[in-house]
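Trainee: I would like to see how this sequence folds:
(2 chains)
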Amino acid sequence: MTQSALTSLDLLRQVLGHFTDTPAEQIVPEAELVNLQVDSLTLAEMLFELEDRIGESMPEPAERPRTVADVLALIEPYMDTLRAKASA
Amino acid sequence: MSARGRSVVVTGLGQVAPHGRDVAAGFEALLQGRSAIALNEVGEAPHSVSLPTAVCQGFDAAAELGRPRAATMDRFSQLSALAGLSAWADAGLDQPGAVSAAELEDACVMWGTGAGGTQTLERGYRDLFIKGRARISPLSVVMGMNNAAAGQLALLLGMGGASYTYSVACASSAVAIGEAFRRVRSGECQLALAGGGEAALPYGTVKAWLSMQVMASGDAEQAPTVCRPFDAQRTGLVLGEGAAALVLEDRDHALARGARIYAELAGAGTSCDHAHLSTPDAGGQLRALRAALRDAGVQAGDIGYVNAHGTATTEGDPVEIDALRQLLGEHAAKVPISATKSLHGHLMGAAGAIEALITVMAVHTGHLPPTGHVQALDERCTGLDHVLGLGRRDARPAWALSNSFAFGGSNMVLLFKREQAA
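Mentor: Next up, the predicted model:
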């Protein structure tokens, strides 16, 4: 897969892969983070790494993300920028 | 039980070292004079430098510890955790029923590190000052703190007694072992996991060491033999990384469960030079050496091997030899000595632990590892029986010293005794 075709789920699977032994195919929108071995500290570190990949600071979420879909919603606004960088 | 307390024995050994994970194979490599030092690049370009170092390769913390745990550990904690788990398993304590829940609740972790999670801290500085990020990793504190490794080991093994970290520069893990020894001897606990870990090779830390002008330099061909303690042409130390662990156990407890006993840890001697922050002092070292012998009720003539602190600095080596000559007196010329840092590098806060492990292996196997690469002894370092070349087989020392002398003037000397055949 080229980075210019990267989806938010692809990106999350790449980053989450550094923090969990859960197979990528089980990282689906409806999955609860706690069931993916992601505790609060790991979540914070994962968001930090996502920021590193995106190249921008994300605002603090109003509520703590509970599911993969919650995290995808946080990073989706940055995906166009990320894809543009990748294809530049 | 002696007047000083319980008899303390070593029942487990573990390492993640420049010579690998296998304790026996690593010791054999030392006996053959095989160096684990190589020319390595430290840091990430353009903030990088090539220099002789001793690094650990071939370990996969994520595979062994699980990705969720490994991802929240600095490299020094990963090395420490793997060494500690190896020692625990080597002692047979990972087997069902080997240790009761109550014994585990009393068991203690005594760990040493000089720099702790310095790679994590450097990553944070890089994010802040080079990348210009507004914040740094949320895990910086818990990964960077010096007691992270001890905490992780207590978590992994369910140990509920004291969990302390000693940061005493190059004597850190020797101090940890000495303090663990005192706790088991006093009867406070029957089991202790003691040792240390260090992964202090980020660019900034290495540059600080380079600024001190105490480092040996060399190209790829020269690197393996560049660290030459006691040699007349020595040029300095070689930084290394790694971790080593000893399981210390009350002898009665070990015997009751049929554990293999490598050696007895019979004495520990402590002192502070109170002379200079970085220049060692023979008087201070001598007090620690004498304290170790007194602690075990041993005479100087009984010593059959000394694993020297021997860093290969021009200033430090003769001071240690001076202290040993004073300690050993008329016996000095017959006492074998070697500085294994020539082969595995200087593991800084973990140096005391890997060298204690090597000393235990020396009394256990009877073989003495050499000081590597010596061509001609510095005349200021003569007067003892230097073990050179390919080491010495079947020397069978009854008592052996492991010296650790740190910046700050802190000294710890550990005294091991050969275990007699049952």
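
Trainee: who in chain A is up against chain B?
Mentor: Contact residues (C-beta under 8 Å from any C-beta of the partner chain) of chain A with chain B: A:17-21, A:37-39, A:41-42, A:44-45, A:48, A:51-52, A:57. The C-beta positions use only the backbone N, C-alpha and C, and glycine is treated the same way.

Trainee: what are the pairing partners of the helix or strand containing residue B:13, and which direction each?
Mentor: If you go by DSSP states H and E, residue B:13 is part of strand B:8-16. Sheet pairing for strand B:8-16, assigned by DSSP bridges, gives strand B:242-250 (antiparallel), strand B:263-272 (antiparallel).

Trainee: residues near residue 38, how many?
Mentor: Assuming you mean chain A. Neighbours of residue A:38 under the rule other C-beta atoms under 10 Å in any protein chain shown: 23.

Trainee: meant chain B actually
Mentor: 16.

Trainee: same check on residue B:305?
Mentor: 28.

Trainee: quick one, what contacts it?
Mentor: Contact analysis of residue B:305 by C-beta atoms under 8 Å, 6 or more residues apart in numbering or on different chains lists B:335-338, B:359, B:362-363, B:368, B:395, B:397, B:399-401.

Trainee: if I've got this straight, it is in a strand?
Mentor: Yes: under DSSP: H, G, I helix; E, B strand; the rest coil, residue B:305 falls within a strand.

Trainee: if it is in a bridge, with which residues?
Mentor: Per DSSP bridges, the residues bridged to residue B:305 are residue B:400.

Trainee: residue contacts, the closest residue to residue A:19 other than its chain neighbours?
Mentor: Leaving aside its chain neighbours, residue A:19 sits nearest to residue B:71 (4.7 Å; criterion: C-beta to C-beta, 6 or more residues apart in numbering or on different chains). Contact analysis of residue B:71 by C-beta under 8 Å, 6+ apart lists A:18, A:19, A:42, A:45, B:62.

Trainee: now the third one. Nearest residue, chain neighbours left out?
Mentor: The one in question is residue A:42. Leaving aside its sequence neighbours, residue A:42 sits nearest to residue A:19 (C-beta to C-beta, 6+ apart; 5.1 Å).

Trainee: where does that neighbour fall, secondary structure wise?
Mentor: Counting by DSSP H and E, residue A:19 is held by no secondary-structure element, helix or strand.

Trainee: who's in contact with it?
Mentor: With C-beta under 8 Å, 6+ apart, residue A:19 has these contacts: A:37, A:38, A:42, A:45, A:46, B:67, B:68, B:71.

Trainee: next, the residue in chain A that chain B sits nearest to: phi, psi?
Mentor: Using C-beta to the nearest C-beta, residue A:44 is the residue of chain A that sits closest to chain B, at 3.7 Å. Dihedral angles of residue A:44 (phi, psi; degrees, to the nearest 10) stand at phi -60, psi -40.

Trainee: that one and residue B:138 touch, don't they?
Mentor: Yes: under the contact definition of C-beta atoms under 8 Å, residue A:44 touches residue B:138, with a separation of 3.7 Å.

Trainee: tell me which of those two has more neighbours.
Mentor: With neighbours defined as other C-beta under 10 Å, residue A:44 and residue B:138 compare such that residue B:138 has more, 17 against 14.

Trainee: if I read this right, the more buried one contacts residue A:46, doesn't it?
Mentor: No: under the criterion of C-beta under 8 Å, residue B:138 is not in contact with residue A:46, lying 9.4 Å apart.

Trainee: the strand or helix carrying residue A:11 packs against which elements?
Mentor: Using DSSP H and E, residue A:11 sits in helix A:8-16. Packed against helix A:8-16 by the contact rule (3 or more C-beta pairs under 8 Å, 6 or more residues apart in numbering or on different chains; DSSP states H and E) you find helix A:40-54, helix A:68-75, helix A:79-87.
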